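**Student:** Fold the following, please.
(2 chains)
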Amino acid sequence: MGVLRRTHNCNELNETALGQEVTLMGWVLRRRDHGGVIFIDLRDRWGITQVVFNPEVNPDVHTKAHQLRSEWVLAIKGKVEKRPGEMENPKLKTGTIEILVDELRILNTSETPPFPIDEECDVSDSLRLQYRYLDLRRPEVANNLVMRHQALQAVRSYLNASQFLEIETPMLTRSTPEGARDYLVPSRVNAGKFYALPQSPQLFKQILMMSGMDRYYQIVKCFRDEDLRADRQPEFTQIDMELSFMGEDDIIHLVEGMISALFKETIDLTLSAPFARMTYDEAMRRFGTDRPDTRFGLELIDLSDVLKGCGFKVFNTVLESGGVVKAINAKGCAGFSRKDLDDLTEYAGRFGARGMAWIKIKEEEWQSPITKFFSEQEIAAMQQALDAQPGDLILFGADKSSTVHQVLAELRLELARRLNLIEEGTYDFLWITDFPMFEYDEDAKRYTAVHHPFTAPYEDQLDLLETAPEQVKSRAYDLVLNGNEIGGGSIRIHNPEVQEKVFKALGIDQEEAEEKFGFLLQALKFGAPPHGGIAFGVDRLIMILTGSSSIRDVIAFPKTQKATCPLTEAPASVARKQLTELHLRPDWKEK
RNA sequence: GGGGUCGUAGUUCAGUUUGGUUAGAACGCCGGCCUGUCACGCCGGAGGUCGCGAGUUCGAGUCUCGUCGGCCCCGCCA
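**Tutor:** Numbering: from 1, shown residues only, chains lettered A, B, ... in the order given. Below you'll find the model as predicted:
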């Protein structure tokens, strides 16, 4: 008995190897013990091979095989045999052959797993994450990690071929204002001072451009201490890139090549570039959102002009106070029941709607509690604007425009789901451009950056920075895929005066700018090249690519919704001494 | 910070609406039989703090309150 060396994985043997002596290693997926002959499905990362223990071939090995159980780790040596006629298993890639074992090594035993490895079973997330190593043995999850690897390799090889340098940036950096809540790390060496984990390498990549690196990328973890969602967790991965001497069109073109390579290498899909583009204003007007899912219609129709001065008080009040009335024509949905409409109204309420007016277009009449308030001209004008035909259902939103947009955008998605309008397996890319630079924060009573404070405004609008900042458009661009924002970037400011103007518009005075971003302002003064970049959310992208319903299915060790890790039980308490060393004096009671 | 939903055997669930004898099923697990299975089959068996804590009640898996945890959503996420 010498050392056994693996000769093949569990997914590669077929009839071309008949008669060969091979050694396989892997886990017991299933055993079928007939008392006489014993079958074991041996599993590894690549697949499954059936191995056979026959008492007539080797009685000792056969006896030993009786004790095998789920998830034991084996090395087996034997001969590749063609399966007897009618015994082939078309579900396995190796289904035409089996290994007749004449040597068995038990490399390790296993406790009975807490959940089945061999079938797709709806185990709770906390149990899956507690035993993540077992969960990852299941092919559905494992294959997601394989595709993630392939996607990142495609990106690396594309960017490497395009003269990019992969450069690392610090994880321990400084907290900056604006943006999400930071994860803070106390400094032991500097009492009372804190590092922050990066929300993105934004400033470092810009400084790399000022360093003449010209083209940078990094596949990098970013951290934002905000609440979780199915497509969001506090620690996530970005494909981060930045380029010098390039405008929007150059960057967009290059990125389309990168995304195309990614889709080709992962799901072997050839995308048609260039992707469609739409301005922010058009997206908001037609879809109510800056990340429209353009795989289906149901666009928003503005009825504000048509209904100005109408007899329906709710609409009229909204219009007189500067709000809007918009509607969706749900084609062919006039048959919706009272309950359907109640459900939709309740759904709309989650996004701030105070109600939802509707009209069922019937052959003989417009059936609705509100039809009576409209004049014949108003009805005719609505009919034309909405292209309303008998059998249609009109759903209204009336409020300030931001509320109407959010409500109708969500309603539109919900309708598409209910009506099954979304064709699976389609990938609809869309660039959104010309974002506003700023939006007004009602709580803080000041403007905040829509993208970030380093995004360049259009040069011909520089004057507006001081007079009408809400009108300034930025040179930012987002890439939207099937209604998900998968990437966003911009051309950056490379002129210190412009940067100072933008800070000023954001209410960041010179002193604060100097303190928080002095290093950037300084660097801008030493020959900063024009530059711009973009970052992609890897987790979301792979989620779409694999058809996963949660980001957790494409991350090896994800967090729960409460931002914990059931495997390691992070976050955890630390010794009082560690805190003292960090100059922290917490006032909470120790348990 | 708020809303919703779920928590019963190792796992997935039924039972909760209408409180009432010993809390069931499937898979898994353990033992026995079985030489061509591939979700092998057949026979037998073990396995439960009904998340936790209070309360109502003669009596709580079931009702009430609180609490913990999983998931989904709103806010938040430049």
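**Student:** residues in the stretch 151-300 of chain A within reach of RNA strand B, list them.
**Tutor:** Applying C-beta under 7 Å from any atom of the strand, we find that the stretch 151-300 of chain A lies next to RNA strand B at A:178-181, A:199-200, A:202, A:224, A:226-232. C-beta coordinates here come from the backbone N, C-alpha and C atoms, glycine included.
**Student:** Counting only helices, which of those residues make the cut?
**Tutor:** Among those, DSSP state H puts residue A:202 in helices.
**Student:** Go through the residues of the stretch 151-300 of chain A next to RNA strand B and name the one nearest residue A:296.
**Tutor:** residue A:231 (20.0 Å; C-beta to C-beta).
**Student:** is it true that that closest one touches residue A:549?
**Tutor:** No: between residue A:231 and residue A:549 there is no contact under C-beta atoms under 8 Å: 9.3 Å.
**Student:** These two - which one has more neighbours?
**Tutor:** residue A:231 (18 against 10; other C-beta atoms under 10 Å).
**Student:** and the gap between the more buried one and residue A:485?
**Tutor:** In this view, residue A:231 and residue A:485 are 10 Å apart by C-beta to C-beta, to the nearest Å.
**Student:** Also residue A:354?
**Tutor:** Counting by C-beta to C-beta, the gap from residue A:354 to residue A:485 is 28 Å.
**Student:** Following element in sequence after the longest helix along chain A, please.
**Tutor:** Ranked by residue count, the top helix of chain A under DSSP H comes out as helix A:139-161. On the C-terminal side of helix A:139-161, the nearest following helix or strand under DSSP states H and E is strand A:165-166.
**Student:** mean confidence for that next one?
**Tutor:** Mean pLDDT, strand A:165-166: 98.
**Student:** Repeat that for stretch A:75-82.
**Tutor:** pLDDT averaged over stretch A:75-82 gives 97.
**Student:** C-alpha coordinates for it, CSV please?
**Tutor:** Extracted C-alpha coordinates of stretch A:75-82, given in CSV (Å, rounded to 0.1, in the frame of the first residue of the first chain):
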residue,chain,number,x,y,z
ALA,A,75,-9.6,7.4,-2.5
ILE,A,76,-10.5,4.5,-4.7
LYS,A,77,-8.4,2.7,-7.3
GLY,A,78,-10.0,0.5,-9.9
LYS,A,79,-10.7,-0.2,-13.5
VAL,A,80,-12.9,1.9,-15.8
GLU,A,81,-15.7,-0.4,-17.1
LYS,A,82,-18.5,0.1,-19.5
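**Student:** tell me the strands in the stretch 201-350 of chain A, going along the chain?
**Tutor:** In the stretch 201-350 of chain A, strands defined by DSSP state E, counting those that start in this stretch lie at A:215-223, A:235-244, A:276-279, A:300-302, A:324-330, listed in chain order.
**Student:** What are the buried residues along the third one?
**Tutor:** Across strand A:276-279, burial judged by 16 or more other C-beta atoms under 10 Å covers residue A:278.
**Student:** what do you get for the first one?
**Tutor:** Applying a neighbour-count criterion of 16+ other C-beta under 10 Å, the buried positions in strand A:215-223 are A:215-220, A:222-223.
**Student:** in the sheet, who's paired with residue A:361?
**Tutor:** Beta-bridge pairing of residue A:361 under DSSP bridges involves residue A:366.
**Student:** Count the residues that sit near it.
**Tutor:** 22.
**Student:** ok, it - contacts?
**Tutor:** Listed by C-beta atoms under 8 Å, 6 or more residues apart in numbering, the contact set of residue A:361 reads A:334, A:367, A:388-394.
**Student:** next one: phi and psi at residue A:106?
**Tutor:** Main-chain dihedrals, residue A:106, degrees, to the nearest 10: phi -90, psi 110.
**Student:** same question, residue A:194
**Tutor:** phi -130, psi 140.
**Student:** again, but for residue A:573
**Tutor:** phi -70, psi 160.
**Student:** can I get the strands of the stretch 201-350 of chain A in TSV with mean pLDDT and distance to residue A:56?
**Tutor:** Converted to TSV, the strands of the stretch 201-350 of chain A look like this (pLDDT from 0 to 100; distance: least, C-beta to C-beta, whole Å):
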stretch	mean pLDDT	distance to residue A:56
strand A:215-223	98	55
strand A:235-244	98	54
strand A:276-279	97	67
strand A:300-302	97	74
strand A:324-330	97	69
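**Student:** would TSV of those strands with distance to residue A:60 be doable?
**Tutor:** Shown next, in TSV, are these (distance: least, C-beta to C-beta, whole Å):
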stretch	distance to residue A:60
strand A:215-223	51
strand A:235-244	51
strand A:276-279	68
strand A:300-302	75
strand A:324-330	72
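**Student:** can you tell which of the ones you listed is closest to residue A:555?
**Tutor:** Of the strands of the stretch 201-350 of chain A, nearest to residue A:555 by C-beta to C-beta is strand A:235-244, at 8.2 Å.
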